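Visitor: whatever this is, show me its structure:
(4 chains)
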Amino acid sequence: MRIKVLFFAKLREVFETNQVDISFTGSDNKVSDVLMVLREKGGVWKDELNENKSFRIALNQEMVTKDAMLNEGDEIALFPPVTGG
Amino acid sequence: MRIKVLFFAKLREVFETNQVDISFTGSDNKVSDVLMVLREKGGVWKDELNENKSFRIALNQEMVTKDAMLNEGDEIALFPPVTGG
Amino acid sequence: MTVRVQTEDFDVGQEMLGLRQKNPKVGAVASFVGVVRDLNDGDDVSSLTLEHYPGMTERSLEDIVSQAKGRWDIYDALIIHRVGTLLPLDQIVLVLVTGAHRGESFKACEFLMDYLKTRAPFWKKEQTSSGDRWVEARESDKSAAMRWENTRDD
Amino acid sequence: MTVRVQTEDFDVGQEMLGLRQKNPKVGAVASFVGVVRDLNDGDDVSSLTLEHYPGMTERSLEDIVSQAKGRWDIYDALIIHRVGTLLPLDQIVLVLVTGAHRGESFKACEFLMDYLKTRAPFWKKEQTSSGDRWVEARESDKSAAMRWENTRDD
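Guide: Next comes the predicted model:
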């Protein structure tokens, strides 16, 4: 299962990238599995995606929690609380 | 004591005038005295200025009740509830 | 000038720019425009004539603007109200409020409209297919104005 | 079109006319314009850069417009939000709501702004005299949005 992960705003800057692609060999994966893979990169990844950080998650352009189930080709986005308007 | 009485909107149309001048010989007159003088003209005057009608009263361009005291040269206005905006 | 009563139309964009450009601290502009509808109480309205009480109108509008400034943390407010004969789709009234943040500006704008509706001496006469008629004051406008007397200012 | 995300400025008067002229039953137009302030949290702001999530932004704005139309008796709504680099006094966002009467239009307009502030994926970065900084989400915006979940719709 291939998942595209996008980053916006401060997270994009801190990670110095706007996109990472992740593959899982099995199925039944959740958003939390993606977060685990990213945290394992260590450094800023571990810091910014820590449980106590208030980042937001979108799955296929809708806000979700980290328990949301993933499907092949899904687009996840991770970003700080929004500040438009 | 001379008092100017203005009429607006439906009252102006029904009374077929936009102004009446009233004089009192004494002092200590109230708005209600003006209403009494006008009602004594009978007909539409008596009907429209009846106690149960919901006309509004302004004295020198501020809303008042019929108990407001009058002074020489005051301007009273009588009109229906307002409908601007 | 905070209050204008005029027969001419107004340009919302220009008025907004004029009010907010004076103050670079403005972050929020709430506004309301009232428009002549082509239908009221089931009858076609071909035109609307607005009568007012010159002098008292301006005073009462200025008074409600200063009440709004006293109650909410806003920078400025503008009311323009037209009089004379208007057609469907014509603009009747503009209320503009500028402030640092949106919450206070929205509240002040709505307050100004509610108070204007019940306190400013304007009267509407509609020309309809079933003849001319004076518009009756609406009970809902009275209760809309009343709620500002019963609420705390936050 | 109900929702537009663009770098260009917008003309409030033109947008208002465009939205209301389609429908002669419109009697009320409530609107809000957000503006770049030259000062925030005590620092001079020389410019503001707005980033967004293309695709999701439009979807989330369309979603809140249909929520507003479902909750209030309004005719139409328009949201324009700018992205890219803006200067103090520049317009950021426009929310327009048309309806028959003012009460519902005001409520829907305020709801749209509150929901937009907490749900649409936009992020602001300020260029200030003490360097660049991402604007932090405000707790007051969160509670402003929350109150629509706890109120009845009248």
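Visitor: can you show me the CA trace of the longest helix that chain A contains as CSV?
Guide: When chain A is scanned for its longest helix (criterion: DSSP state H), the result is helix A:31-39. C-alpha atoms of helix A:31-39 as CSV (Å, rounded to 0.1, in the frame of the first residue of the first chain):
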residue,chain,number,x,y,z
VAL,A,31,-2.9,7.0,10.0
SER,A,32,-1.1,6.3,13.3
ASP,A,33,1.1,3.7,11.5
VAL,A,34,2.2,6.5,9.1
LEU,A,35,3.0,8.7,12.0
MET,A,36,5.1,5.9,13.6
VAL,A,37,7.1,5.5,10.4
LEU,A,38,7.8,9.2,10.3
ARG,A,39,8.7,9.5,13.9
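Visitor: what's the first helix or strand after that helix?
Guide: Note on helix A:31-39: by DSSP states H and E, the next helix or strand toward the C-terminus is helix A:43-48.
Visitor: who's in contact with that following helix?
Guide: Residues outside helix A:43-48 that contact it (C-beta atoms under 8 Å, 6 or more residues apart in numbering or on different chains): A:11, A:14-15, A:38-40, A:53, A:55. For glycine as for every other residue, the C-beta is placed from the backbone atoms N, C-alpha and C.
Visitor: just the residues you listed: which has the poorest pLDDT?
Guide: Least confident of these in the model: residue A:53, at 91.
Visitor: for that residue, which non-adjacent residue is spatially closest?
Guide: Nearest residue to residue A:53, sequence neighbours excluded (C-beta to C-beta, 6 or more residues apart in numbering or on different chains): residue A:47, at 7.8 Å.
Visitor: what is the burial count for the one you found?
Guide: Number of residues near residue A:47 (other C-beta atoms under 10 Å in any protein chain shown) recorded here: 11.
Visitor: how much space between it and residue B:28?
Guide: 83 Å (C-beta to C-beta, to the nearest Å).
Visitor: pLDDT weak spots in chain C?
Guide: Scanning chain C for pLDDT under 70 picks out C:151-154.
Visitor: any part of the longest helix of chain A near chain D?
Guide: No - applying C-beta under 8 Å from any C-beta of the partner chain, one finds helix A:31-39 separated from chain D by no less than 15.4 Å.
Visitor: so which residue of chain A comes closest to chain B?
Guide: The nearest approach of chain A to chain B comes at residue A:85, 28.0 Å away (C-beta to the nearest C-beta).
Visitor: now that residue: closest residue in space, sequence neighbours ignored.
Guide: With sequence-adjacent residues excluded and distances taken as C-beta to C-beta, 6+ apart, residue A:85 is closest to residue D:117, at 4.3 Å.
Visitor: equivalent analysis for residue A:59, please.
Guide: Among residues not flanking residue A:59 along the chain, residue A:68 sits closest, at 5.0 Å (C-beta to C-beta, 6+ apart).
Visitor: phi, psi for the one you found please.
Guide: phi -60, psi 140 (degrees, to the nearest 10).
Visitor: model confidence score at it, please.
Guide: As predicted, residue A:68 sits at a pLDDT of 97.
Visitor: and the strands in chain C?
Guide: Assigned by DSSP state E, chain C shows strands spanning C:3-6, C:28-35, C:39-40, C:43-52, C:74-82, C:84-86, C:91-99, C:122-128, C:131-134.
Visitor: how about residue C:11, what does it touch?
Guide: Residues near residue C:11 by C-beta under 8 Å, 6+ apart: residue D:13.
Visitor: 10 Å - rerun?
Guide: Neighbour list for residue C:11: C:17-18, C:91, C:94, D:12-13 [criterion: C-beta atoms under 10 Å, 6 or more residues apart in numbering or on different chains].
Visitor: closest to residue C:50 among those?
Guide: Of all the contacts of residue C:11, residue C:91 has the smallest distance to residue C:50: 11.8 Å, by C-beta to C-beta.
Visitor: show me where chain A has strands.
Guide: Under DSSP E, chain A gives strands at A:2-7, A:19-23, A:56-59, A:62-64, A:75-79.
Visitor: in the first one, what's buried?
Guide: It refers to strand A:2-7. For strand A:2-7, the neighbour count (16 or more other C-beta atoms under 10 Å in any protein chain shown) marks A:3, A:5-7 as buried.
Visitor: now that strand: mean pLDDT?
Guide: The predicted model assigns strand A:2-7 a mean pLDDT of 98.
Visitor: which other helices and strands contact it?
Guide: helix A:9-15, strand A:19-23, helix A:31-39, strand A:56-59, strand A:75-79 (3 or more C-beta pairs under 10 Å, 6 or more residues apart in numbering or on different chains; DSSP states H and E).
Visitor: mind redoing it with 8 Å?
Guide: With contacts defined as 3 or more C-beta pairs under 8 Å, 6 or more residues apart in numbering or on different chains; DSSP states H and E, strand A:2-7 has these neighbours: strand A:19-23, helix A:31-39, strand A:75-79.
Visitor: what does the last one give?
Guide: Judged by 3+ C-beta pairs under 8 Å, 6+ apart, strand A:75-79 is in contact with strand A:2-7, helix A:9-15, strand A:56-59.
Visitor: residue at max distance from the center of chain C?
Guide: Most distant residue from the mean C-alpha position of chain C: residue C:130, 28.0 Å away (C-alpha atoms, centre = their mean).
Visitor: show me what contacts residue 7?
Guide: Just so you know, I chose chain A. The contact partners of residue A:7, by C-beta under 8 Å, 6+ apart, come to A:15, A:17-20, A:77-79.
Visitor: ah, no, chain C please
Guide: Neighbour list for residue C:7: C:82-84 [criterion: C-beta under 8 Å, 6+ apart].
Visitor: just to revisit the earlier point, among the helices and strands packed on strand A:2-7, which is the most enclosed?
Guide: Compared across the helices and strands packed on strand A:2-7, strand A:75-79 shows the largest average neighbour count, a mean of 21 (mean count of other C-beta atoms under 10 Å in any protein chain shown).
Visitor: ok, back up a step: pull out the buried members of the contacts of residue C:7.
Guide: C:82-83.
Visitor: show the pLDDT at the single nearest residue of chain A relative to chain C.
Guide: Chain A approaches chain C most closely through residue A:85 (8.0 Å), counting by C-beta to the nearest C-beta. In this prediction, residue A:85 carries a pLDDT score of 95.
Visitor: list the contacts of it.
Guide: D:34, D:81, D:92-93, D:113, D:116-117, D:120, D:122, D:141.
Visitor: try 7 Å this time
Guide: Neighbour list for residue A:85: D:34, D:93, D:113, D:116-117 [criterion: C-beta atoms under 7 Å, 6 or more residues apart in numbering or on different chains].
Visitor: can you check residue C:20 too?
Guide: C:26, C:29, C:98, D:35.
Visitor: ok, 6 Å please
Guide: Residue C:20 makes contact with C:26, C:29, C:98 under the criterion C-beta atoms under 6 Å, 6 or more residues apart in numbering or on different chains.
Visitor: which residue packs closest to it, ignoring adjacent ones?
Guide: residue C:26 (4.5 Å).
Visitor: check residue C:8 too.
Guide: Spatially, and ignoring its direct neighbours in sequence, residue C:8 is nearest to residue C:82 (7.4 Å; C-beta to C-beta, 6+ apart).
Visitor: so what sits opposite the one you found in the bridge?
Guide: On the basis of DSSP bridges, residue C:82 is bridged to residue C:6.
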